[in-house]
Each structure stands twice: as structure tokens, then as C-alpha cells.
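Novice: Build the 3D model from these lines:
(4 chains)
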There are 2 protein chains.
Amino acid sequence: MTSTVPPAGPAMISGNALASVAALIGDVARANILLALMDGRALTAGELAWHAGVSASTTSGHLAKLADAGLLDVERQGRHRYYRLAGADVARAVEALMAAAAAGPRRHRPCGPRDEAMRLARTCYDHLAGRLGTALTDALVAREHLVIADGLGLVTASGEEFLAGFGIDPSVLAPGRRPACRTCLDWSERRPHLAGRLGSALRHRCLELGWIAPVPHSRAVAITAPGRRGFAAEFGILDGHLAVAAPARG
Amino acid sequence: MTSTVPPAGPAMISGNALASVAALIGDVARANILLALMDGRALTAGELAWHAGVSASTTSGHLAKLADAGLLDVERQGRHRYYRLAGADVARAVEALMAAAAAGPRRHRPCGPRDEAMRLARTCYDHLAGRLGTALTDALVAREHLVIADGLGLVTASGEEFLAGFGIDPSVLAPGRRPACRTCLDWSERRPHLAGRLGSALRHRCLELGWIAPVPHSRAVAITAPGRRGFAAEFGILDGHLAVAAPARG
DNA sequence: GCGATGCTGCGGCGACGGCCGAAGTCTCGC
DNA sequence: GCGAGACTTCGGCCGTCGCCGCAGCATCGC
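Specialist: As a prediction, the model looks like this:
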């Protein structure tokens, strides 16, 4: 049994599955396509070609492979084809990879000033991430509207009240006593932020209030002037909390 | 701005980081190496070569790359070199990829009888997964020892009591009121199972009691005869709950 | 000391896969 | 209808990377 029969380890089947999906993400053009879709919107093949930085025909091939593997969903609309992430699973895998990548090589992390806006605030699939995302989460925890247990959370009674007052539909929180509150590891902050239906609702409400605004060709979101006032008034998030080396502590 | 300047989309930096780590996992030999290490143990280069199904020299190259990227840690011991996953981040990324892979291509999932043992019960980094893992989680939830909110959980007061009675060190649960209870998406069951420090402690206790036993060259674990009795008596998990098409429902 | 064992580095081979441009299909707007 | 635009398919080129065997270093056991 310990002999010279190398051609197959025990877990070969899963190994192939794992490798094939990872290899799919492991191409720079495709990785950029997935990142461009991480905000949950659907983009056309042409837009994705621009994001990928390769020709339309090459992009088309990439998109076919991604859709074929079930990572992307396609929707035809006139002469456009809209591609979007196939689901939260895919987004989660991408974020997990980013986290593993950030954890890894100490060198080779230039952290360009380029993505400072991303680190400040961005969308992650359908919720908020970056310093704003974690600060919001921290604020809810500090006021005991949310209980985070080792990275995961539950909305308290006072939290339900507060969120309702903030304009979030209570039905988001309580379909049968199961508050739709997940957390997601923030790859830039290395701490959890709010995801799930609540995270999605929070982002939606902030957009609705005009507190944040999408940045055209990026996952980043900008915090507007009313937003600064609002986050301070409603959540106690001051500019200092969003400054570079000051993770909101309490 | 919308013009002919394709050579770089906005998120190029992160795209490279994401792609490089994914490409690393995206090779069958390396994927098998990572899977072999998913139980959290450290294996020698030779053992990993066997798992990878390639020659020792090829494996050496793969291991160097993985360690270089920070996915693996090395430890020299005499003339052996022991490799282990660099951290839970890496394990989480691998599981997330497996989940995305399982979600994807409807076809091409032969689900060989080969890994039926894995689906029944296996270790996932340091905790239990598979039908046993989800059944344990379900059992704790059903008895209100654990509250799962949209996939995430908190141990209740009765849960602390119960777990202490089961022989789990209470300090695992309460370092400052933050029960170390995460969940992890089970790639075979597509539902959450218990992870984090509590998940780890549960697995450890089950091993200690002789309820489960590691299967030599696999992440799978076997459920022993005392284990079957124990899981039934303590958790109400009957054989039926572990049978193929019967996810423990209550 | 010596040989055996475990692991790594190097050179060369071969194949997989990304890339592009040109041609083909479909849809829209006039 | 007819041209323009969006997207895909095809063929061919070329670089990258995984693979192996052999040689070179360490370490262990006698």
C-alpha cells in the first residue's frame, strides 16, 4: 500500500474540482472581470473587456469559461449580454482568496495610493466594506444593537428598534426570528464587516439617503458631505474613525 | 476617458494579487497538496508528493511556491520538512472555493462513491464537517443550545451548560463573553456547520471519547461503534440522520 | 567514516492556454 | 432594408509552466 503507485492520491476527485475553479480565477484577465462584478451589478461583455484589459474576442472566451463553470450568470438584452456573479458563494470565494492573498506575502504588497478610495469605502457584492463598513459594524456593536461573536453577529432588540428608526424595513430582520445578519471578512481591514440581508439593506438605505455615492469605474464608493454629517449624527462615526491608521475602536 | 486605453482597468493591482494566489491553487497537484493539509496536520514533503501524485522534485517546486506565497508554513525537523497550512485564512479560502465549485457546474459532478466517507464525516482544518458536522450543529440548534442566524451562531446559556457537561472546557466558550463560535459553509452539504474554537473543541472531545477515528490517508473520519451510541444518546443523532439523502431536519 | 534516505536545484522537453485579428451572427436604429 | 454596433467563433502564434531525471546537499544510522 505504501508502494510505487503514485498516479493517484486519495482525494483526486475533489482536487480536480478545486483546481479547476481556482485556475479559472487564477488568470489576471478573469480575476479582473470577477473583481469588476464584485459589486453585484451586471456588466456588458464590452465593459468587462475594458476591465480585463484584453481584446473583446479574448474576453468573450473568458466569459464563456466563467459562465460555463457556473461562476457567472448571463442575461441577453438586445444586442448586449449582461454578465453578473452567479451568487454570493462566488463573491465569498473571491473575498476569501483576497484575504488569503493579503495574509500571505509580506513583500509585494505595494498597497498603491491608487486604491486608497477602495480601502476607505467600497461595495462587496451587495454590502459595504472598507473602513466605512467596519466602522458601521463597530458602531452598532458599541451601542449594543448588534452582538458579534468571534466575527459573527446577531441583532438585539434595541438594534431592531434602531434600524427601524433608520429606515430599514423590519421584515429584513425578522423572517421567523432569523435576523439576516452575516459577517464577511474585510480583506483590507482584516476584520469582519456586516453582510447578509442586513448589510445589503444598510447599503441600500445609505445610497437612498445620498450618504454614499458610487464611483464610476470602481467598486469604491464616495462618502458625501451629507453622509459625513449623517454617519456622525446617527452612528457616531467621525472623520477620525475613517482616517488611515485609526480603526474605529469603540 | 472612455477612449482607447485598454492596457489597464482600474483594479489591476488587486487583480494581480487575486489571480496569483488563485493560480497557485489552480494546479491539480498543488490543490491536492492543500487538500491533504486541510485537516490542519503537518505532513512531510514526501507524503505530500504522494498525495499530489507527482515526483518528489516536482512536489518540491510546488511546495516552495506555496510557502513563498505564504499559503504554507515550513518546519525543519531532522532530515524531514514538515509543511502545514499557514493559517485558517487559507483553509477558509479553500473551503470557499470548494463551495463555489460545488455550486457551479451541474454536470461533471460524478460525486464518486469514492468520497462517500468524506461526505459522511471529515475534518475541515480543525473541526468536523460532512453530514456528521451539520447534524451536530443541527442538534445543538434544535435543543436551543445554539442560535443560528442566517448561517451564523451564538451559544445560549443552556448551551454553555450542556457543552460543559459534555466535557468541553468552558474557557473555550467565554473569553470575555465572546463565544468562539463561527460557522463554515459545508461544501458537500451546502449548509453551515460549526467551526471556530468551539468547533475545534467539539472535534477534539469526540476524538478523546473515541467516538470518531481518523482514516489514515484521508480527511475523512470514521464514526466508531461507541460513537454511534454516543451521538445518539447525547445529541439525538440516529443513523438515519447520517444516511445519504436525509439531512437531519430537527 | 560509510551508505541510505529526504529534499532541493537545474536543464530540457512538451503541452496547455492566453492572445490577437479577421470573419461570421445577431440586434438595433434610421 | 441597410449599415453600424455588440458579441462570438476560428485559426495560428507564442509564452508560460508543469513534468521528469539526474545531480547535489543535508541528515541519520551503523
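Novice: For chain A, which helix extends over the most residues?
Specialist: Determined from DSSP state H, the single longest helix within chain A is helix A:88-103.
Novice: tell me which residues of the very next helix or strand once past it are tucked away?
Specialist: On the C-terminal side of helix A:88-103, the closest following helix or strand by DSSP states H and E is helix A:116-120. Of the residues in helix A:116-120, those buried under the neighbour-count criterion (16 or more other C-beta atoms under 10 Å in any protein chain shown) are A:117-120. For the C-beta atoms, the positions are set from N, CA and C on the backbone; glycine is no exception.
Novice: tell me what helix A:116-120 is packed against?
Specialist: helix A:130-142 (3 or more C-beta pairs under 8 Å, 6 or more residues apart in numbering or on different chains; DSSP states H and E).
Novice: mind listing what's buried in stretch A:210-228?
Specialist: Applying a neighbour-count criterion of 16+ other C-beta under 10 Å, one finds A:211-212, A:215, A:218-221, A:223, A:227 buried in stretch A:210-228.
Novice: okay, it in CSV with CA atoms only?
Specialist: Once non-C-alpha atoms are left out, stretch A:210-228 reads as follows in CSV (Å, rounded to 0.1, in the frame of the first residue of the first chain):
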residue,chain,number,x,y,z
GLY,A,210,-27.5,60.1,-0.5
TRP,A,211,-24.8,59.5,2.1
ILE,A,212,-22.7,57.5,-0.2
ALA,A,213,-22.4,57.6,-4.0
PRO,A,214,-20.9,55.0,-6.4
VAL,A,215,-17.6,55.9,-8.0
PRO,A,216,-18.0,55.3,-11.8
HIS,A,217,-15.4,52.7,-12.8
SER,A,218,-14.7,51.2,-9.4
ARG,A,219,-16.1,49.2,-6.5
ALA,A,220,-15.2,52.2,-4.4
VAL,A,221,-18.0,54.4,-3.0
ALA,A,222,-17.6,58.0,-2.1
ILE,A,223,-18.9,59.4,1.2
THR,A,224,-20.8,62.6,0.5
ALA,A,225,-21.0,65.7,2.7
PRO,A,226,-24.5,64.8,4.0
GLY,A,227,-23.1,61.4,4.5
ARG,A,228,-20.3,62.6,6.8
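Novice: And for it, what's in contact with it?
Specialist: Stretch A:210-228 has contacts (C-beta atoms under 8 Å, 6 or more residues apart in numbering or on different chains) with A:35-36, A:38-39, A:51, A:115, A:117-118, A:120-124, A:128, A:130, A:132, A:203, A:206-207, A:209, A:230-231, A:239, A:242, B:9-11.
Novice: Now residue A:132. Nearest residue, chain neighbours left out?
Specialist: residue A:121 (3.7 Å; C-beta to C-beta, 6 or more residues apart in numbering or on different chains).
Novice: Give me the pLDDT value at the one you found.
Specialist: The score at residue A:121 is 86. That number is its pLDDT.
Novice: Run through the residues that contact it.
Specialist: A:128-133, A:212, A:220-223, A:242.
Novice: let's see it at 10 Å
Specialist: Neighbour list for residue A:121: A:128-133, A:135-136, A:206, A:212, A:215, A:219-223, A:227, A:242 [criterion: C-beta atoms under 10 Å, 6 or more residues apart in numbering or on different chains].
Novice: circling back: quick check: mean pLDDT of the longest helix of chain A?
Specialist: Averaging pLDDT along helix A:88-103 gives 88.
Novice: for stretch A:142-152, same thing?
Specialist: The average pLDDT within stretch A:142-152 is 70.
Novice: Chain A - how does it break down into domains?
Specialist: A:15-88, A:115-242 (automatic domain parsing).
Novice: chain center to the last one, what's the gap?
Specialist: Put plainly, it is domain A:115-242. 12 Å (C-alpha atoms, centre = their mean, to the nearest Å).
Novice: next one: the shortest one
Specialist: Domain A:15-88 has its C-alpha centroid displaced from the chain centroid by 16 Å (C-alpha atoms, centre = their mean).
Novice: Mean pLDDT per helix and strand in chain A: which one sits at the bottom?
Specialist: Lowest by mean pLDDT, DSSP states H and E among the helices and strands of chain A is strand A:182-185, with a mean of 60.
Novice: Which stretches in chain A count as helices?
Specialist: Under DSSP H, chain A gives helices at A:12-25, A:28-36, A:45-52, A:56-68, A:88-103, A:116-120, A:130-142, A:157-166, A:196-208, A:225-235, A:239-242.
Novice: For residue B:143, find the nearest of the ones you listed.
Specialist: helix A:157-166 (23.2 Å; C-beta to C-beta).
Novice: Report the rounded mean pLDDT for the closest one.
Specialist: Averaging pLDDT along helix A:157-166 gives 88.
Novice: so that helix versus helix A:196-208, what angle?
Specialist: Inter-element angle recorded for helix A:157-166 and helix A:196-208: 30 degrees (by axes from the mean of the first three to the mean of the last three C-alpha atoms, to 10 degrees).
Novice: Pull out the buried residues from helix A:157-166.
Specialist: Per 16+ other C-beta under 10 Å, helix A:157-166 contains these buried residues: A:159-160, A:162-163, A:166.
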